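Enquirer: Provided below are the primary sequence and the corresponding predicted coordinates.
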Amino acid sequence: MFDEMMETLNRERLRNLQLSRLRNLIDRLLVSPNDRPRLRSLGLTSGEDVDLNTLKRLPFTTKDDVVDRYQVAETLVDEIVEWHGSSGTGGRETLIPYTRRDIKTWGALCARLLVSAGISEKSIVANAYGYGLFTGGLGYHYGLGCVGASVVPLGLGPMARLVRLMRDMQIDTLACTPTYASRILEYLKVTGMDPRESMNLCVGVFGAETFSEEMRGALETGLGLCAFDLYGLSEVTGPGVAGECRERAGLHVNEDHFLLEVIDPTTGKECADGVTGEVVLTTLSKEAKPVLRYRTGDLASVSHHLCPCRRTFARISRIQGRLDDMVIINGVNIFPRDIEEVVFASPHLSGEFIVVLSEHGSRAVVACESAGMDREARYEVEAALAARLGIAVRAATIPQGSLERGDMKRGRRVITAGTPEASSLLNQLEL
């Protein structure tokens, strides 16, 4: 472990630490012009007015709140040393500031998760997350520096160079989004290179987007590595929130720095262990732009059972989907990940797909890239989709390479019939 004392802290001491940090956070928010009015309206005058059991009385923070608040507390303006962020609604950036202490904490939190996935000071890591405003590249870079691993900061450079360096340097760990790992696998297949013979990959640490167990299996088989799921989001610090240990039985949340809730997204009430709901996070230690009860939009369940790895932090399940990704087909709630599970499990398909939804949401066609799929194979895919989704949808094939490729994250998974893009795509379908 990177920080054994904290990662194995008993639950009573952990809750005492969380309470102390929560009260300190409330004291800081009460002097913030953005947060003071809504906290004062609840009768709060200091952090001593709250405890962990009354947390549910406090207001949520939403994506719109974060996007609309570029400013930081005046007392911290001179202490900001970095800004990072992600693309917000309509392409507007969600800018997040960091103090020097925030950067140090961020690196240590990422280091915990990287070590739990098996990375050590002996590892040679290709960091192919994007460097720049995106939090992934530098967040993991700082974490790998804390671990003492050898880092090759490749970012999103030319694929041929990345593959050549991974081969020549005998890199053993790949850090990137699952989408970028898929692009690497595609490139290797086109060039006829078998990474299990020419490379030394052992570990993949993939984050910044959801990916199914079927996609994980395809990446492990194709790249010859063991894939670990890491979780984070820019609004609360970036990567470093949670990650899988070697048991791969859920993602350990760094609970000494993030207060975790899982709520029913409709009622806002807390979900019991094992019940899927929306992940809500409170930053307990971030100095610049902390957030209180931030609604992530990510769906998962929580478990407080002790993990065999001895870490005592609660675990969330792998993210099941995002609320804003959900589509309704013939009255049934569907997430793109549900379809991804079927597509990646089929030997006839490449893994790339897009859903063409009728204008009224009553019907859908799943258009899948394939080098060739006969009618019987298509029926098999449609049967698997019906079993997974609980409704009948049509499957169709399009030529390999037809769908837009995103280097860092996958492109749109759903388009609506009647748009020029949908019309162009429907003309290519082989039904």
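Expert: All right, it came through fine.

Enquirer: Just after the helix or strand hosting L260, pick out the following helix or strand.
Expert: For L260, the host element (DSSP states H and E) is strand 258-263. Scanning forward in sequence from strand 258-263 by DSSP H and E, the next helix or strand is strand 277-283.

Enquirer: So which elements touch that next one?
Expert: Packing partners of strand 277-283 (3 or more C-beta pairs under 8 Å, 6 or more residues apart in numbering; DSSP states H and E): helix 11-29, strand 258-263, strand 294-300. Every residue, glycine included, has its C-beta placed from N, CA and C.

Enquirer: contacts for the shortest one?
Expert: Put plainly, it is strand 258-263. By C-beta atoms under 8 Å, 6 or more residues apart in numbering, the surrounding residues in contact with strand 258-263 are 18, 22, 52, 55, 236, 241, 253, 269-271, 275-284, 293, 300-302, 314, 316.

Enquirer: one more time with 6 Å, if that's ok
Expert: For strand 258-263, the surrounding residues in contact (C-beta atoms under 6 Å, 6 or more residues apart in numbering) are 18, 241, 253, 270-271, 277-278, 280-282, 284, 302, 314.

Enquirer: Pull out the buried residues from those residues.
Expert: Burial by neighbour count, 16 or more other C-beta atoms under 10 Å: within the contacts of strand 258-263 this picks out Q18, V241, V253, C271, G277, E278, V280, L281, T282, L284, V302, A314.

Enquirer: Would you state the helices of this protein in chain order?
Expert: 4-7, 11-29, 36-40, 63-67, 100-116, 135-147, 159-168, 178-191, 195-198, 213-223, 336-345, 375-389, 420-426 (DSSP state H).

Enquirer: Deepest-packed of the ones you listed, please.
Expert: Greatest average neighbour count among these goes to helix 135-147 (a mean of 24), per mean count of other C-beta atoms under 10 Å.

Enquirer: what about that helix, average pLDDT?
Expert: Averaged over helix 135-147, pLDDT sits at 95.

Enquirer: go on, stretch 330-341?
Expert: Stretch 330-341 comes out at a mean pLDDT of 82.

Enquirer: Can you give the distance from that stretch to the centre of its chain?
Expert: The chain centre lies 18 Å from the centre of stretch 330-341; the measure is C-alpha atoms, centre = their mean, to the nearest Å.

Enquirer: hmm, back to that, need the buried ones among the contacts of strand 258-263 in TSV (columns: pLDDT).
Expert: Output for the buried ones among the contacts of strand 258-263, formatted as TSV (pLDDT from 0 to 100):
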residue	pLDDT
Q18	98
V241	98
V253	98
C271	97
G277	97
E278	97
V280	98
L281	98
T282	97
L284	97
V302	98
A314	98
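
Enquirer: any chance of the helices and strands packed on strand 277-283 in JSON lines, plus distance to L188?
Expert: As requested, those are exported to JSON lines (distance: least, C-beta to C-beta, whole Å):
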{"stretch": "helix 11-29", "distance to L188": "44"}
{"stretch": "strand 258-263", "distance to L188": "37"}
{"stretch": "strand 294-300", "distance to L188": "31"}
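
Enquirer: Out of those, flag the one nearest L113.
Expert: Closest to L113 of these, according to C-beta to C-beta: strand 258-263, at 12.3 Å.

Enquirer: Could you check the angle that closest one makes with helix 11-29?
Expert: Orientation of strand 258-263 against helix 11-29 (axes from the mean of the first three to the mean of the last three C-alpha atoms, to 10 degrees) gives an angle of 100 degrees.

Enquirer: just use 32 as the starting number from now, easier for me
Expert: All right, first residue 32 from here; so that's strand 289-294.
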